[in-house]
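# Generate a structure from the sequence data that follows.
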Amino acid sequence: MRTLLFCILTAGLTWPALAADGFTSLFNGRDLTGWDGKPGWWRVEDGTITAESTAEKPCTKHNYLIWRGGEPADFELRFEYRITGGNSGVQIRSREVPDWDMRGYQADIEDGAQWTGALFEHERGGIALRGEKAVIAADGTRQVTRFADAAALQKSFHSNDWNDYRVVARGPEIQLFINGVKTAHAVDRQSGKAAARGFIGLQMHPGPPMKVQFRNLRLKEFAPAAAATPAEKLTVPPGFKVELLSSPAPDSEGSWVSLCVDAKGRFFASGQYDEGLFRITPPPAGADAGLTRIEKVPVALSSAQGLCWAFDSLYALVTKNAKTPSGLYRVRDTDGDDVLDKVELLRALEGGGDHGWHALLPGPDGRSLYAVAGNNTTSPTLAASRVPPHWSEDHLLPRLPDAGGHMVGVLAPGGVIYRVSPDGRDWEMMAHGFRNTYDAAFNAAGELFTYDADMEWDLGTPWYRPTRICHVTSGAEFGWRNGAGKWPVHTPDSLPAALDIGPGSPTGVTFGHGAKFPARYRDALFAADWTFGRIYAVHLRPDGASFRGESEVFVSGVPLPVVDVVVHPADGALYFITGGWRIPTGLYRVTWTGSKEDEVSPGAPCGTDPHALRRQLESFHGRRDPAAVEIAWPHLGSEDRFLNFAARVALEWQDPATWRERALTERRRPPRWPR
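Next up, the predicted model:
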């Protein structure tokens, strides 16, 4: 028994020691156990791993001391080094070649002014030089930005003395730090070149006499970096194909929350926090997904839950989640180099967070933008309104606010959709009474739709309202009020949904117009649910002056926290992104692979005659007109909720003196709607 115990204890002395901070020691300080190097070049001296060349014993060819403990993928490597003369380095994610040689990434070291702190590779040379951040696309295209002056960084190194070196590798991202200061940063996605894992090695460099020493080598391996759900785990209808084009590096590119397409067919996306803006060039259909190119936009703006390309500019609707204040911004290229370089705040806004300022979309008239706001926003000073400005709580019984304290005291108008001038000066309230609608979309006839949120904690109460598709007409009121005050669907002063869907977290929406899909889907409203990992295809049909809908699950997966969805106008594919709350982002593409006959079949009509009548009534919203009362009055008794509502709002905008007597002598019964 004693012999067995002794064997266990002494054997344990050769095992790497795992420290409380999760690091494993790679060197025991006494010998080269666990390492393999070219005989005659590597030794232990005063508790350090040492390599040395002299005039009498010159080094004429690279050789490496290779750690045999594995091939780490994602990790943090820490060590101290001291070098006198010449050049050296530490290989990471490298492959072994004959005669104790290696190829791959190198955290560079030298007794000189050029290479220390750079990320080098034998085949491609400098991946990221000192003070640089290099983003390398799948096709090898490089985007290089400078975050620090190389000479200034050099001053923080200790010549002929000990320096602390730290290497952090996660997914495609590698960062180097010396003496606590970042020296290089690379995001490498080059096909056939970027390495995801490999050996660690110490370099003996040929050349003049030199001596390099290493000590306190420690490694902490990370769990595999979280990534977007693979495309093969997603479900789509027969005939459709879904691809995962990219899963951006979470540390440097963040978790994306919005997506739009510019005039050249490239996407723009925004991180939720301080990650910034990104321009994405998708590969052609059928090409390798690895050719997706992601470029950081060199401007100080982030947290845009709404992005829109219009009027030769990128518009961003920011809800404050980090440094960028809430507001409407315009970002432009001012020098014609095809790179956005100027940020302009058009309108500062109040409100933020998950119920703050959301989507931004171009108006169908080509002269305006539409801004979508959640119920934790404050309305800016309005230049106009389609909504009569006398909304109220209309709550007779004592209020039951949310028991968890969520947004207690936040009252009407709730979530709002605004029409905004391109310069950001004029805001017009178009509709209100939403809870937390995230996005909106126009159909081919210019009718606006959104997907509003439920209050999940209300589930099971009489005032619970499910997530629902709303047809957003002029002056619309959808009855959100705080706590138990939400209006029942039959409330005369509000409008019903086109479709109730159920519990969920609504995010991005878009119509399939322009998609190379069968007509059934080209005319559908695609509506994303973040919580349950779905994109619904909502099929809308005219119903009186509005629409009714039915839905099917179009894309689903677990997890699949979809935040935005866009149809690309050139390739006709449906693109969507996952992300939010630091969850891994994925950029996906859905294409139709079925018969072309299905793809080109005619679509369904977008509107009917009652829609034209409703629009005539809506033309009186927000203004006074002598003809309004005579035209609107007959429709106050309409059984069509949307005609009735449009007529009532038209009347409310007129001088009461023009219809007061008529109202007091009216004998018609008001319409009754289903409860």
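# Flag the shaky bits of the stretch 151-300 of the chain, pLDDT-wise.
Within the stretch 151-300 of the chain, the stretches with pLDDT under 70 are 225.
# Next, count neighbours for Gly446.
12 (other CB atoms under 10 Å). From N, CA and C alone the C-beta is placed, and that goes for glycine too.
# which stretch of helix or strand covers the residue nearest to it when sequence neighbours are not counted?
Once flanking residues are discounted, Gly446 sits nearest to Pro364: 4.1 Å by CB to CB, 6 or more residues apart in numbering. Pro364 is located outside every helix and strand, with elements delineated by DSSP states H and E.
# Confirm for me that Pro364 is in contact with Asn443.
No: counting by CB atoms under 8 Å, Pro364 stays clear of Asn443, with 9.2 Å between them.
# who's more crowded, these two?
Between Pro364 and Asn443, counting by other CB under 10 Å, Asn443 is the more crowded of the two (20 against 15).
# can you tell me which residues contact the most centrally placed residue in the chain?
In the chain, the residue lying closest to the centroid (CA atoms, centre = their mean) is Trp256, at 0.9 Å. Taking CB atoms under 8 Å, 6 or more residues apart in numbering as the contact definition, Trp256 lies against 248, 269-272, 278, 563-564, 577, 579, 585.
# Which of those fall within helices?
Within the contacts of Trp256, no residue falls in helices by DSSP state H.
# Out of the residues you listed, flag the one nearest to Lys296.
Phe278 (6.0 Å; CB to CB).
# So what pairs up with the closest one in the strands?
For Phe278, the beta-bridge partners are Ala269, Lys296 (DSSP bridges).
# Give me the number of neighbouring residues for it.
Phe278, neighbours per other CB under 10 Å, totals 22.
# Repeat that for the one 3 residues further on.
Other residues within reach of Thr281 by the criterion other CB under 10 Å amount to 16.
# Please apply the same query to the one 5 residues further on.
The local packing count at Gly286 equals 7, with neighbours defined by other CB under 10 Å.
# Look up how far Asp571 lies from it.
Using CB to CB, to the nearest Å, Gly286 is found at 10 Å from Asp571.
# Give me the phi and psi for the residue nearest to the centre of the chain.
phi -80, psi 150 (degrees, to the nearest 10).
# State the pLDDT value of the closest residue to Asn644 other than its chain neighbours.
Using CB to CB, 6+ apart and skipping the chain neighbours, the partner closest in space to Asn644 is Ser638 (4.5 Å). For Ser638, the pLDDT comes out at 93.
# go on, Pro492?
The model's pLDDT for Pro492 equals 88.
# Look at it and say how many residues are nearby.
Pro492 has 13 nearby residues by other CB under 10 Å.
# That one reaches Pro670, doesn't it?
Yes: judged on CB under 8 Å, Pro492 makes contact with Pro670 at a distance of 7.2 Å.
# still on that earlier bit, quick one: the residue nearest to Asn644 and Ala647 touch, right?
Yes: taking contacts as CB under 8 Å, Ser638 lies within contact range of Ala647: 6.9 Å.
# Those two: which has the busier surroundings?
Higher neighbour count among Ser638 and Ala647: Ala647, with 26 against 21, using other CB under 10 Å.
# tell me which element the more buried one falls in.
Assigned by DSSP H and E, Ala647 falls within helix 641-652.
# by contact count, what packs against that helix?
Packing contacts for helix 641-652, counted by 3 or more CB pairs under 8 Å, 6 or more residues apart in numbering; DSSP states H and E, involve helix 609-618, helix 628-632.
# in the last one, what's buried?
Neighbour counts over helix 628-632 (16 or more other CB atoms under 10 Å) mark 628-629, 631-632 as buried.
# who's in contact with Ser270?
Ser270 neighbours (CB under 8 Å, 6+ apart): 256-258, 276-278, 301-305, 307, 316.
# nearest residue to it other than its sequence neighbours?
Ser270 sits nearest to Ala304 (CB to CB, 6+ apart), 3.8 Å away.
# Relative to His355, how far out is the one you found?
The spacing between Ala304 and His355, counted by CB to CB, is 16 Å.
# Kindly report the same for Ala445.
30 Å.
# same check, this time on Gly637
Separation of Gly637 from His355 (CB to CB): 38 Å.
# Neighbour count: the two, which is higher?
Neighbour comparison, Gly637 and His355: the larger count goes to His355, with 22 against 14 (by other CB under 10 Å).
# pretty sure that one contacts Thr437?
No: assessed by CB under 8 Å, His355 is found out of contact with Thr437, at 10.2 Å.
# Grab the nearest non-local neighbour of Gly117.
Using CB to CB, 6+ apart and skipping the chain neighbours, the partner closest in space to Gly117 is Thr183 (3.1 Å).
# who are the neighbours in contact with Val553?
235, 534-537.
# Count the neighbours of Lys400 for me.
One correction, residue 400 is Leu, not Lys. By the criterion of other CB under 10 Å, Leu400 has 13 neighbours.
# so the spatially closest residue to Lys211 that is not a sequence neighbour, which of the three states?
Excluding the flanking residues, the one nearest Lys211 by CB to CB, 6+ apart is Glu52, at 4.3 Å. What DSSP: H, G, I helix; E, B strand; the rest coil gives for Glu52 is strand.
# From Leu340, how far off is Glu52?
Glu52 is 52 Å from Leu340, where distance means CB to CB.
# in the stretch 1-150 of the chain, which ranges drop under the pLDDT threshold?
If you take pLDDT under 70 as the line, the stretch 1-150 of the chain has these spans: 1-20.
# thinking again about what came up before, wait, which of the helices and strands packed on helix 641-652 is closest to Val555?
The nearest among those, by CB to CB, is helix 609-618 at 30.1 Å.
# For that closest one, output the C-alpha coordinates as PDB.
Provided in PDB are the C-alpha atoms of helix 609-618 (Å, rounded to 0.1, in the frame of the first residue of the first chain):
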ATOM      1  CA  ASP A 609     -61.700  49.200 -52.700                       C
ATOM      2  CA  PRO A 610     -62.300  49.600 -49.000                       C
ATOM      3  CA  HIS A 611     -58.600  50.300 -48.600                       C
ATOM      4  CA  ALA A 612     -59.000  53.200 -51.000                       C
ATOM      5  CA  LEU A 613     -61.900  54.500 -49.000                       C
ATOM      6  CA  ARG A 614     -59.900  54.200 -45.800                       C
ATOM      7  CA  ARG A 615     -57.100  56.200 -47.300                       C
ATOM      8  CA  GLN A 616     -59.500  58.900 -48.400                       C
ATOM      9  CA  LEU A 617     -60.600  59.200 -44.800                       C
ATOM     10  CA  GLU A 618     -57.000  59.200 -43.500                       C
END
